[in-house]
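Engineer: generate a structure from the sequence data that follows.
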Amino acid sequence: MLRAFLAALAVAVLLTVLTLLTIESRSVTEEYYIAHANRVRAIETSKDDLAAIIQGAESAFEEGRSIPEAVNLAFPRLIENDKLLQAMRDTLRDGSPVAIQLSVYDAALSKFIDDGQAFAKRQNALAEALRTMQEESPIVVKELRRFNLRIQSQNIFSLAIEIIEFATGQRSSNVARVQARIDALREDAAVDSTVPGLVDEFAAAATLVLSERGAAENALEHVSKSRIRDHLWVLSDEVLSENRRTVGRADKARLLLSICAALLLIGTGYAMVQLQKSYRELNRSNAELSNVNDSLEDRVASRTEELSAAYDDLKESQVQLVQAEKMSSLGELVAGISHEINTPLYYLTSNATVIQERLAVVDDFFDIAEKMIAAVAARESVKEAISRGLLDMRSMFSDGMKEDIEEARDLIQDSIDGLDELSELAQSLKDFSRLDRAKQGEFNVNDGLDKTLLIVKNRIKNKVTVHKHYEDIPVITCSPSQINQIFLNLITNASDAIEDSGELVLRTWQEDRNVCVSIGDSGRGIPADLLSKIRDPFFTTKEVGKGTGLGLSIVDQIVTSHQGELDVVSQPGKGTVVTLTLPIFASAKEEDSGESAADGPIEDQIDDSESVAVTELPAGLESGDASDASGESVDETDHKEATA
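Structural biologist: Numbering: from 1, shown residues only. Just a heads-up that it's a prediction; the model follows:
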């Protein structure tokens, strides 16, 4: 009786423990994980918004412009995220570290928002006054000069320059002295009698700039010195710690529950084993063993025959697998051949078009010569005809006739090189499993970029403005044709990414024992979910028939075979920057230098592969350099210099 009671008590205790462990293990539900993820996302978003507000405020103050719209939108997001975080208090006990940090952060955020909005108000007023003064100053100067008040016009011009530089932080001025100059300008009798009221609006705007600059600076100091980000980091750490504690309790409960279940299974198994120990099972086992011994020889023969058949099937599968691999390689080879053929044909077509345009000037030259010869033959107005002809010829020389002929000669040489590439392609078909080695030689990256721009000139003119920032870099050892193919693929790809008009920034510089090339565009940009796939073979976002998706994959293989690196940074809606890092002296093995898939056609670049500085668009994309006749703008400044 006692044994039965103890057994029942043990069962009851075990069931109670299992029940408690089950409840504890299910305390962390899917809703909890979703709420925690939302809180973490709110904290990370708030960190970004705080950084954006501070950086945007400092940038606006330094440049004397209005607060960016992104900063204005960050304030309501901070408030919404704070409401989401404060809702966590309902699940916390009073006095917990998280609850304390929530209160501290809420108070700090309220003060930060008040200070930030106060600064925004001051800065916007400063920017508006500065804009008004900039608009009024040319009008006032022009009017004063029209009435021959040159001293006053010069005074206003210098005063406007000083205030603008003071408002943008470029000069430290004595506010009282500048204000005195403004007051003197208002009280100038000559100005008041000649053009009454002309300088009033300019003077009012200048006075407002002086007063609002100091107020905005004081407000910005409160914003910049705020410890709100420190409080947010502490809150983030406490939220993560609280989550680890909650999840840890549930994990321990699950572990104990698993241990209890395992013990129950072991006990149940042990009882079943004990029940099976009987003479009947033993006799049955002996009978089965006897039958197995009797049929052992037949089973061995049957198994041997099955193994032989399986071995034959395995050999056949191996043959089929090798054949499939050959067919797969053949498919990739055919795709590579298509790229190899299309690129030289593109060279020839583009060069022939440009040469045809350049030959027109030769026809004009011949017409002038024929008129001169005809005049000499007729002996009528010879001097006048020859003089007019020589002037026309000199005009043609001044307009760049010689350069056009030299350019045509270079394009003919490029066409010959393209035909050589087609010849090399025919040679590469001799060996299916191994491509011919690419010829190695010295290569000037700057010249390669310029030649590529010349090839694609018709494609990008009237659409793309080109900014070149070349440094004096050494030549590199590489396969020139493959590196030129990289440039062609990336530049045409950037052009395709620009829909109507945009800018293309080319940069070169030396970094240690490497040469770096940056190709950036102001196109559509690549979505973040596609950025990791753009190097995959056959991946493309273009329409069917407009690309195979091999272009950037082939570029990546060429860069890898040259022991270089390819980095792609993109911001959707702003553009993309592709950065190549190539060693000056490559030490790749011979078999590595030619076995990357060679050149790929322009059409095979991904539709969204646009470009831009590794974390943001290069400053060159914001420049306003003048364009030449072909639509290209050349800026030979240092690659680190941002154009204004």
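Engineer: residues near Leu552, how many?
Structural biologist: Residues contacting Leu552 under the criterion other Cβ atoms under 10 Å number 27. Quick note: C-beta positions are derived from backbone N, CA and C, even for glycine.
Engineer: and if you look at Lys457?
Structural biologist: 17.
Engineer: distance of it from Pro196?
Structural biologist: Remark: distance between Lys457 and Pro196 (Cβ to Cβ, to the nearest Å) = 58 Å.
Engineer: likewise for Leu21?
Structural biologist: Distance of Leu21 to Pro196, computed by Cβ to Cβ: 92 Å.
Engineer: which one of these two has more residues nearby?
Structural biologist: Leu21 (20 against 9).
Engineer: right, and the more buried one touches Leu257 too?
Structural biologist: Yes: counting by Cβ atoms under 8 Å, Leu21 does reach Leu257; the two are 4.3 Å apart.
Engineer: I'd like to know which elements the one helix or strand Ala8 maps to is packed against.
Structural biologist: Applying DSSP states H and E as the criterion places Ala8 in helix 2-25. In terms of contacts (3 or more Cβ pairs under 8 Å, 6 or more residues apart in numbering; DSSP states H and E), helix 2-25 is packed against helix 228-275.
Engineer: taking helix 2-25 as reference, get the angle to the helix it packs on.
Structural biologist: 150 degrees (axes from the mean of the first three to the mean of the last three Cα atoms, to 10 degrees).
Engineer: following helix 228-275, which helix or strand comes up?
Structural biologist: By DSSP H and E, the next helix or strand past helix 228-275 is helix 279-294.
Engineer: buried ones in stretch 248-258?
Structural biologist: Within stretch 248-258, the residues scored as buried using 16 or more other Cβ atoms under 10 Å are 250, 253-254, 256-257.
Engineer: what does stretch 374-394 give?
Structural biologist: 375, 385, 389, 392-393.
Engineer: what segments of the stretch 251-400 of the chain are helices?
Structural biologist: 279-294, 296-378, 382-398 (DSSP state H, counting those that start in this stretch).
Engineer: cool, and the stretch 451-600 of the chain?
Structural biologist: 457-460, 480-497, 528-531, 551-561, 590-593.
Engineer: tabulate the ones you listed in JSON lines, adding columns for distance to Phe202 and mean pLDDT.
Structural biologist: Output for the helices of the stretch 451-600 of the chain, formatted as JSON lines (distance: least, Cβ to Cβ, whole Å; pLDDT from 0 to 100):
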{"stretch": "helix 457-460", "distance to Phe202": "44", "mean pLDDT": "78"}
{"stretch": "helix 480-497", "distance to Phe202": "45", "mean pLDDT": "84"}
{"stretch": "helix 528-531", "distance to Phe202": "48", "mean pLDDT": "82"}
{"stretch": "helix 551-561", "distance to Phe202": "55", "mean pLDDT": "80"}
{"stretch": "helix 590-593", "distance to Phe202": "68", "mean pLDDT": "40"}
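Engineer: so which of those helices is nearest Val98?
Structural biologist: With Cβ to Cβ as the criterion, Val98 lies closest to helix 528-531 of the helices of the stretch 451-600 of the chain, at 31.5 Å.
Engineer: list the buried residues in that closest one.
Structural biologist: 530-531.
Engineer: find the nearest non-adjacent residue to Asp521, please.
Structural biologist: Once flanking residues are discounted, Asp521 sits nearest to Ala494: 3.7 Å by Cβ to Cβ, 6 or more residues apart in numbering.
Engineer: what about the one you found, neighbour count?
Structural biologist: For Ala494, using other Cβ under 10 Å, the count is 30.
Engineer: roughly how far apart are it and Val578?
Structural biologist: 8 Å.
Engineer: and Ile483, what does it touch?
Structural biologist: If you count contacts by Cβ atoms under 8 Å, 6 or more residues apart in numbering, Ile483 has them with 443, 445, 448, 558, 562, 582.
Engineer: give me the neighbour count for the fifth one.
Structural biologist: Just to be clear, that refers to His562. Neighbours of His562 (other Cβ under 10 Å): 26.
Engineer: isn't it up against Thr581?
Structural biologist: No: applying Cβ under 8 Å, one finds His562 not in contact with Thr581, separated by 9.9 Å.
Engineer: poorly predicted segments of the stretch 201-350 of the chain, please.
Structural biologist: 278, 315-343, 347 (pLDDT under 70).
Engineer: again, only using 90
Structural biologist: Scanning the stretch 201-350 of the chain for pLDDT under 90 picks out 201-232, 234-350.
Engineer: what residues go with each domain of the chain?
Structural biologist: Per the record, the chain has its domains at 13-122+227-252, 128-224, 316-428, 441-622, by automatic domain parsing.
Engineer: could I get those as CSV with distance to Asn286?
Structural biologist: Listed next are the domains of the chain as CSV, based on distance: least, Cβ to Cβ, whole Å:
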stretch, distance to Asn286
domain 13-122+227-252, 40
domain 128-224, 91
domain 316-428, 43
domain 441-622, 63
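Engineer: comparing the ones you listed, which comes out most buried?
Structural biologist: Of all the domains of the chain, domain 441-622 has the most neighbours on average by mean count of other Cβ atoms under 10 Å, namely a mean of 20.
Engineer: report the distance from it to the chain centre.
Structural biologist: Centroid separation between domain 441-622 and its chain, computed with Cα atoms, centre = their mean, to the nearest Å, is 13 Å.
Engineer: pLDDT (mean, whole number) over the strand or helix carrying Ala176?
Structural biologist: Secondary structure assignment for Ala176, by DSSP H and E: helix 175-186. Average pLDDT, helix 175-186: 81.
Engineer: grab the most central residue of this structure for me.
Structural biologist: Residue closest to the average C-alpha location in the chain (Cα atoms, centre = their mean): Ser570, at 1.7 Å.
Engineer: what is that one paired to in the beta sheet?
Structural biologist: When assigned by DSSP bridges, Ser570 has beta-bridge partners Thr576.
Engineer: quick check: it touching Gly525?
Structural biologist: Yes: using Cβ under 8 Å, Ser570 makes contact with Gly525 at a distance of 4.8 Å.
Engineer: return the member of the domains of the chain having the minimum mean pLDDT.
Structural biologist: Among those, domain 316-428 carries the lowest mean pLDDT (a mean of 66).
Engineer: re the thing from before, can you add distance to Asp106 and give the helices of the stretch 451-600 of the chain back as CSV?
Structural biologist: Listed next are these as CSV, based on distance: least, Cβ to Cβ, whole Å:
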stretch, distance to Asp106
helix 457-460, 54
helix 480-497, 45
helix 528-531, 32
helix 551-561, 48
helix 590-593, 60
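Engineer: Leu289: which of these is closest?
Structural biologist: Of all those, helix 590-593 comes closest under Cβ to Cβ, at 61.1 Å.
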